[in-house]
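Engineer: Provided below are the primary sequence and the corresponding predicted coordinates.
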Amino acid sequence: RWDGVRCRATLCRRGPYRLHSLPHSSRGPGHRPLKAEIIGSNPICGTKLTLPLSCGAYHGHVQLLERGPFFARLEAHLSRAAQRGEVVLLAGEAGIGKTSLVEQFAAQHRRDTRQLWGACDAQFTPRALGPLLEIASQTGGITAKFARLLSSSVLPYAIRLPDGWAAAAEADSYERADGRITLTVGTGEPEPGETVDDRVRANREGEFADCVTDPSTDRPITIGGEDGILWTFACGGEVGLAANTIHKGLGYRLTLRAREVSADALEALMADLLAGFTFSD
């Protein structure tokens, strides 16, 4: 190990080796090269072999073999991107070197380009827009706002989320970073002639039948420009608020559930969420 970073190289089948530092002038930024000397006679490698190794995250000494045509194509895409923008799809079997190719190309243009990195979550059900949210967290301005304004991939709406919130694994579900508050947006098809009041009553008698609710606290609200009703519920150690409306013949309900959160804080949060909720159809 050198400066806390493991540097490895296969020089030949037999050693032993002695490692020592190269002169300071030969060191590049972000890494510390080493020189390996083979001591004694070795029929495979000869009596002595010197090889620079790159330590740290910067692989200045690493050269990818037989990748010239790929680098040339990426250079062409980068040149055109300055005028009109480009999207490149790099495909290949696992372990063939896709990431290494991109990392080395990026390293070659670290000073003349702005670079943002995003990756899919290593989960069976990754969060929606995960790579874009990761990129957004590295920027400011409009992109940072996009990180909090999310559009449903299934339903025609968009919602502005407060700081510290993100899309959850389940579709049309969102959660605060500490996991103590969640929001879900659900839909249902109303019966002919059914009103928002009817929808709230059906919710109370169905899904929330085992919860404590008080119809006397229901109050009218506006959801995405549509008339709605806000009502409260409590189930075990969980408290919540639900907001129902009907938009273009489809019933909508925003359900906010929380643990160890005051009623006033929950109502203020719901007010902010409703203010940032819009229908997009």
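Structural biologist: Perfect, I can see it now. Residues are numbered from 1 along each chain as shown.

Engineer: what's the neighbour count on residue 231?
Structural biologist: Number of residues near residue 231 (other C-beta atoms under 10 Å) recorded here: 20. (Glycine included, C-beta is placed from N, CA and C.)

Engineer: Unless I'm misreading it, it sits right up against residue 241, doesn't it?
Structural biologist: Yes: look at residue 231 against residue 241 with C-beta atoms under 8 Å: they come within range, at 7.3 Å.

Engineer: and residue 155, what does it touch?
Structural biologist: 172, 185, 187 (C-beta atoms under 8 Å, 6 or more residues apart in numbering).

Engineer: hey, where'd the strands end up in the stretch 151-281 of the chain?
Structural biologist: Using DSSP state E, counting those that start in this stretch, the strands of the stretch 151-281 of the chain run over residues 157-160, 165-167, 173-176, 181-188, 219-223, 226-235, 238-247, 250-258, 277-279.

Engineer: List the buried residues for the last one?
Structural biologist: For strand 277-279, a neighbour-count test (16 or more other C-beta atoms under 10 Å) marks 277, 279 as buried.

Engineer: check contacts around residue 105.
Structural biologist: 71, 74.

Engineer: which residue ranges form the helices in the protein?
Structural biologist: 68-84, 98-108, 130-136, 142-146, 196-205, 263-275 (DSSP state H).

Engineer: The longest one - contacts with which helices or strands?
Structural biologist: For helix 68-84, the elements it packs on are helix 98-108, judged by 3 or more C-beta pairs under 8 Å, 6 or more residues apart in numbering; DSSP states H and E.

Engineer: ok, back up a step: which one of the strands of the stretch 151-281 of the chain lies closest to residue 120?
Structural biologist: Smallest distance to residue 120 across these (C-beta to C-beta): 13.4 Å, for strand 165-167.

Engineer: so where is the stretch 151-281 of the chain shaky, pLDDT-wise?
Structural biologist: Residues of the stretch 151-281 of the chain meeting the criterion pLDDT under 70: 151-154.

Engineer: redo that, cut-off 80
Structural biologist: Counting by pLDDT under 80, the stretch 151-281 of the chain has low-confidence residues at 151-154, 169, 281.

Engineer: and residue 242, how many neighbours does it have?
Structural biologist: Neighbour tally, residue 242, other C-beta under 10 Å: 25.

Engineer: who's in contact with it?
Structural biologist: Contacts of residue 242 by C-beta under 8 Å, 6+ apart are 200, 203, 208, 230, 231, 232, 233, 253, 254, 255, 256.

Engineer: beta partners of it?
Structural biologist: Legend: beta-bridge partners of residue 242 under DSSP bridges are residue 231, residue 255.

Engineer: I'd like the distance from it to residue 87, if you could.
Structural biologist: Noted for residue 242: a distance of 41 Å to residue 87, by C-beta to C-beta, to the nearest Å.

Engineer: Same question for residue 81.
Structural biologist: 9 Å.

Engineer: again, but for residue 96
Structural biologist: Distance from residue 96 to residue 87, by C-beta to C-beta: 21 Å.
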